[in-house]
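Visitor: 3D model of this:
(chains A, B, C and D)
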There are 2 protein chains.
Amino acid sequence: MKPFATADRMARHAPIELEKFVPYQLSIVSNTVSQAIAREYAERFDLGTTEWRVMAVLARHDGEGLSARQVARLTAMDKVAISRALARLVANGRVLRRVHRGDKRRSVLRLSAAGWRIHDAVAPLARRHEREFVATLSEEERDWLGRILDKLMAANEVSEPRASGG
Amino acid sequence: MKPFATADRMARHAPIELEKFVPYQLSIVSNTVSQAIAREYAERFDLGTTEWRVMAVLARHDGEGLSARQVARLTAMDKVAISRALARLVANGRVLRRVHRGDKRRSVLRLSAAGWRIHDAVAPLARRHEREFVATLSEEERDWLGRILDKLMAANEVSEPRASGG
DNA sequence: TGCAAATGGTTTCATTTGAAACTATTGTAA
DNA sequence: TTACAATAGTTTCAAATGAAACCATTTGCA
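Guide: Here you go, the predicted model:
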């Protein structure tokens, strides 16, 4: 131990304690879950994270015939990522793509029967992962976490495109 | 509106509401901050996220002559990433690397004077970013968030290497 | 000793990712 | 109607990333 030298350094340089630094903690925690989930989807269903998100959004907005742009908004991911995910999903017969009548630029997207089967298999897994992830938290902590994340999402305005993982 | 069709679908397929799904929320929130911070470091200091984390760890453990392996553990990142970050940091004269006497495999790392200068400029920025990020939260919420993240970090055992961003 | 396994660290290769450029189509307004 | 801006979506190119192979050195142990 060098108590004085240490105190000196702390005072002069005020180093950050990474493990108490919220953005760092968030990134670690987020990547840990995301990767665990992603690995399972990839292995069992040959499904990337972005692809799963696209499917989730299409499932949720069933019958609306979303466009790629709308999917991008709803997933908060950028359109390039969505374009690539859709290319794979369509190629694998999980998503049906037609052209919007009245606007030939737009696509009209929906899950195929095969897509729905995958969705129905993955959705419970996703919920289980979420449950396990927050398993160590108390009921009260889970509530707080939910509210806090809502607030952070709203405040740090995820205005348009972002993200990857989880 | 198609209330019955909707109710039906919900019952049959139970689609996930992405925006209420904790791993998704975490990933969005985490990536949003991480990217904002990373952009600033990159622009103003030509410094990548991993590089900054390495510097933060070296600053915090000043005088201990950490090895790359130890830095990897302390940052929870994998050794390849650390190796690359160190290569740049050394090339840019921000980190000094010597060989451990007694074990020629190990390196002995510490910040150079230039490294300290960068550190001392970046650290307050990092703190500011963190403050702004949680600015919308109440005092109470910030406390809960801190505790919850600690718990999640501990529970979802970041056993060894992981992460990117932040 | 002396040789296999383990460790610290770097390099290589393939994949992922993001930004910017590009195509096609539609909107607008002179 | 023409021409310019905006929008939907894809492609291209470069940088970031991860996994596995790779060197050098050290450790464990027969």
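Visitor: all contacts plus neighbour counts: C-alpha atoms, from now on.
Guide: Fine.
Visitor: how close does residue A:98 sit to DNA strand C?
Guide: Per C-alpha to the nearest atom of the strand, to the nearest Å, residue A:98 is found 13 Å from DNA strand C.
Visitor: same deal with residue A:18?
Guide: Distance from residue A:18 to DNA strand C, counting by C-alpha to the nearest atom of the strand: 19 Å.
Visitor: Please tell me how far the residue nearest to that residue when sequence neighbours are not counted sits from DNA strand C.
Guide: Setting aside the residues directly before and after it, residue A:18 is nearest to residue A:24 in space (C-alpha to C-alpha, 6 or more residues apart in numbering or on different chains), at 6.5 Å. Residue A:24 sits 17 Å away from DNA strand C, taking C-alpha to the nearest atom of the strand as the criterion.
Visitor: Which of the helices or strands spans residue A:24?
Guide: Residue A:24 is part of helix A:22-45 when elements are defined by DSSP states H and E.
Visitor: for that helix, packing partners?
Guide: Under the contact criterion of 3 or more C-alpha pairs under 8 Å, 6 or more residues apart in numbering or on different chains; DSSP states H and E, the helices and strands touching helix A:22-45 comprise helix A:113-133, helix B:22-45, helix B:139-155.
Visitor: Please identify the deepest-packed of these.
Guide: helix B:22-45 (a mean of 20; mean count of other C-alpha atoms under 10 Å in any protein chain shown).
Visitor: ok now that helix, how far from the chain's centre?
Guide: Relative to the centre of its chain, helix B:22-45 is centred 9 Å away, using C-alpha atoms, centre = their mean, to the nearest Å.
Visitor: Does DNA strand D have contacts with it?
Guide: No - counting by C-alpha under 7 Å from any atom of the strand, DNA strand D is not contacted by helix B:22-45; separation bottoms out at 8.8 Å.
Visitor: and that helix, average pLDDT?
Guide: The average of the pLDDT scores along helix B:22-45 is 89.
Visitor: Tell me what angle the next helix or strand after it forms with helix B:22-45.
Guide: Toward the C-terminus, helix B:22-45 is succeeded by helix B:49-60 as the next helix or strand (DSSP H and E). Angle between the axes of helix B:49-60 and helix B:22-45 is 80 degrees (criterion: axes from the mean of the first three to the mean of the last three C-alpha atoms, to 10 degrees).
Visitor: hmm, helix B:49-60 touching DNA strand C?
Guide: No - under the criterion of C-alpha under 7 Å from any atom of the strand, DNA strand C is not reached by helix B:49-60; the shortest gap measures 12.2 Å.
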